[in-house]
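>>> A structural model of the following input is requested.
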Amino acid sequence: MSEVAVEIDQFRFADVRRRLKAIFIGSVGNLVEWYDFYAYTAFALYFANSFFPGNDPVIQQLNAAVLFAIGFVMRPIGGWLFGHVADHHGRRKALMLSVLLMCFGSLVISVIPTYAVIGTAAPVVLGLARIIQGLSLGGEYGASATYLTEVADEKHRGFYVSFHYVTLIGGQLCAILVLLLLQQVFLTADQMRAWGWRIPFVIGAMIAIIALKMRSGLHETDAFIEARKPVRHESSLKALFRHPRQILIVVGLTAGGTTAFYTYTTYMQKFLKLSVGLTDNQTTLVSAGSLIFAICLQPIYGALSDRIGRKPLLIWFGSMGTIFTIPLLHSLQTTSSAIGAFLLIAAAWMIIAGYTSINAVVKAELFPTTVRATGVGLPFAITTSIFGGPAESIALWFKSIGHEAWFSYYLTLVIAIALLVSLTMRDTKRYSMLGK
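Here you go, the predicted model:
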């Protein structure tokens, strides 16, 4: 082999290693952010009564779910703010700022006095902490999805960017695993309710600091560096509204996808406990097992999209979700075993993964470089605030008024919207705006 060929191979190897390192660090930071955010819902069963007095566990969980949804109110602001930072000052800076805010929010939650100590100030401070975390997470999605898409190579882009949801779901899984360890090994149920629920938020703040250090070493993407020439001073929002069709596609896909995602993640833990009737330990084990299964599906579906395109997977999600959501949720409610519940949730994930595995890369491929982070983050954050964040609250409200089945019809409707968008859009793998 000639020296020139050896140098070419070495250059290619170094380039691949650089991309993989960037994808790994970007993904790990995403995992930390989502762990911190989902630790709230994973431990809500234990701390809800500390902040919301009363004897009805459904009402307490509903109050906790409302605060969870309030965090989503700030996500559009985070999507716009961090999108502007990412599009004008770099993806790396936006990623560092988002994880720093998440660290602060988790630290605040870990030290809040309970309702018994400071009265109504307790849920108010808890709500403020959730707002801070919502602002952070609103910026994280667009910045990280854009970064991962731009550092991945074209041939394997779907596979690599699928790790965006691997780490997103992985963050939630880590929260569940921390819950499982505390439940089974270290603390009693009374200790968990008294003070043990604070532990995951302390852990979250600590690992967020580690993620911040790791992200400080990220290189900026070549696409952003190239797009900065010449320097741009145009408003991110003004530039974004030049792409109304792409905005509507993001909104339509997200409406169905995010509602389904939050149904089978954040709400499912409460559903298994309050509707199916599983024990605390069974609920945690089924939740953890289904999330592990979901993680395994993401790269498989992502790699498949690199071969057959993004659109077939989106149509799979929309059509199967429209047909099977009602029977799946009905079967879950009537099941009598933890194994049966796991299998039904796994079946649901085989449908939902058609959206989750590729939604980040699809949205990034819709927009040109100069407005990509804002285009991915802001419409997604707004739609998630309307559909995804309130999904748990809506489901619990239907249950509280005695019409729990109505939620399955609502979920079917929004998935049908995503199906309509999928059928009418172009395949972004073939018509990508990457490099433009």
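
>>> rest of the way, CA atoms for contacts and neighbours
Noted.

>>> so how far is stretch 201-215 off the chain centroid?
Stretch 201-215 sits 18 Å away from the centroid of its parent chain (Cα atoms, centre = their mean, to the nearest Å).

>>> what do you get for stretch 140-155?
15 Å.

>>> what residues of that stretch count as buried?
140-152 (16 or more other Cα atoms under 10 Å).

>>> report the two of those residues separated the most.
Among the buried residues of stretch 140-155, the pair separated by the greatest distance (Cα to Cα) is Glu140 and Ala152, at 17.9 Å.

>>> which SSE is immediately downstream of the helix or strand of the chain with the lowest mean pLDDT?
Across the helices and strands of the chain, mean pLDDT, DSSP states H and E gives its lowest value to helix 57-73, namely a mean of 64. Proceeding N to C from helix 57-73, the next assigned helix or strand is helix 75-89, under DSSP states H and E.

>>> okay, now the unreliable bits of the protein?
Residues of the chain meeting the criterion pLDDT under 70: 1-19, 26, 29, 53-71, 227-235, 435-436.

>>> let's go with 50 and repeat that
Scanning the chain for pLDDT under 50 picks out the ranges 4-11.

>>> list the contacts of the residue nearest the centre of it.
Residue closest to the average C-alpha location in the chain (Cα atoms, centre = their mean): Leu168, at 5.0 Å. By Cα atoms under 8 Å, 6 or more residues apart in numbering, the contact set of Leu168 is 30-31, 34-35.

>>> let's see 10 Å
By Cα atoms under 10 Å, 6 or more residues apart in numbering, the contact list for Leu168 reads 27-35, 38, 141, 162, 295, 356.

>>> from the residues you listed, which single one is nearest Glu365?
Ser162 (13.6 Å).

>>> got a quick PyMOL command for the buried subset of the contacts of Leu168?
PyMOL command restricting the contacts of Leu168 to the buried ones, with burial defined by 16+ other Cα under 10 Å:
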select buried, resi 27+28+29+30+31+32+33+34+35+38+141+162+295+356
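
>>> now for the contacts of Leu168: which two are most distant?
Most distant of those, by Cα to Cα, are Tyr38 and Ser162, 19.5 Å apart.

>>> which parts of the stretch 201-350 of the chain are helices?
Using DSSP state H, counting those that start in this stretch, the helices of the stretch 201-350 of the chain run over residues 222-227, 236-240, 244-263, 266-271, 280-308, 311-334, 338-356.

>>> save those helices as CSV, and put in distance to Leu423 too.
Listed next are these as CSV, based on distance: least, Cα to Cα, whole Å:
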stretch, distance to Leu423
helix 222-227, 30
helix 236-240, 24
helix 244-263, 11
helix 266-271, 28
helix 280-308, 15
helix 311-334, 7
helix 338-356, 14
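
>>> to Ala405, which of the ones you listed lies closest?
Judging the helices of the stretch 201-350 of the chain by Cα to Cα, what sits closest to Ala405 is helix 311-334, at 7.5 Å.

>>> now the angle from that closest one to helix 338-356?
If you take axes from the mean of the first three to the mean of the last three Cα atoms, to 10 degrees, helix 311-334 sits at 160 degrees to helix 338-356.

>>> now for helix 311-334, which elements pack on it?
Under the contact definition 3 or more Cα pairs under 10 Å, 6 or more residues apart in numbering; DSSP states H and E, helix 311-334 sits against helix 244-263, helix 266-271, helix 280-308, helix 338-356, helix 359-366, helix 406-424.

>>> just the C-alpha atoms of that helix, please, in PDB.
Provided in PDB are the C-alpha atoms of helix 311-334 (Å, rounded to 0.1, in the frame of the first residue of the first chain):
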ATOM      1  CA  LYS A 311     -41.200   8.300   5.200                       C
ATOM      2  CA  PRO A 312     -42.100   4.600   5.400                       C
ATOM      3  CA  LEU A 313     -41.300   4.500   9.100                       C
ATOM      4  CA  LEU A 314     -43.400   7.600   9.800                       C
ATOM      5  CA  ILE A 315     -46.300   6.000   7.900                       C
ATOM      6  CA  TRP A 316     -45.900   2.800   9.900                       C
ATOM      7  CA  PHE A 317     -46.200   4.800  13.100                       C
ATOM      8  CA  GLY A 318     -49.200   6.800  12.000                       C
ATOM      9  CA  SER A 319     -51.200   3.900  10.500                       C
ATOM     10  CA  MET A 320     -50.500   1.300  13.200                       C
ATOM     11  CA  GLY A 321     -50.900   3.900  16.000                       C
ATOM     12  CA  THR A 322     -54.300   4.900  14.500                       C
ATOM     13  CA  ILE A 323     -55.500   1.300  14.300                       C
ATOM     14  CA  PHE A 324     -54.100  -0.200  17.500                       C
ATOM     15  CA  THR A 325     -54.000   2.600  20.200                       C
ATOM     16  CA  ILE A 326     -57.500   2.000  21.500                       C
ATOM     17  CA  PRO A 327     -57.300  -1.900  21.700                       C
ATOM     18  CA  LEU A 328     -53.800  -1.600  23.200                       C
ATOM     19  CA  LEU A 329     -54.800   0.800  26.000                       C
ATOM     20  CA  HIS A 330     -58.000  -1.200  26.700                       C
ATOM     21  CA  SER A 331     -56.100  -4.500  26.900                       C
ATOM     22  CA  LEU A 332     -53.600  -2.800  29.300                       C
ATOM     23  CA  GLN A 333     -56.300  -1.700  31.600                       C
ATOM     24  CA  THR A 334     -57.900  -5.200  31.700                       C
END
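
>>> appreciated, that's everything.
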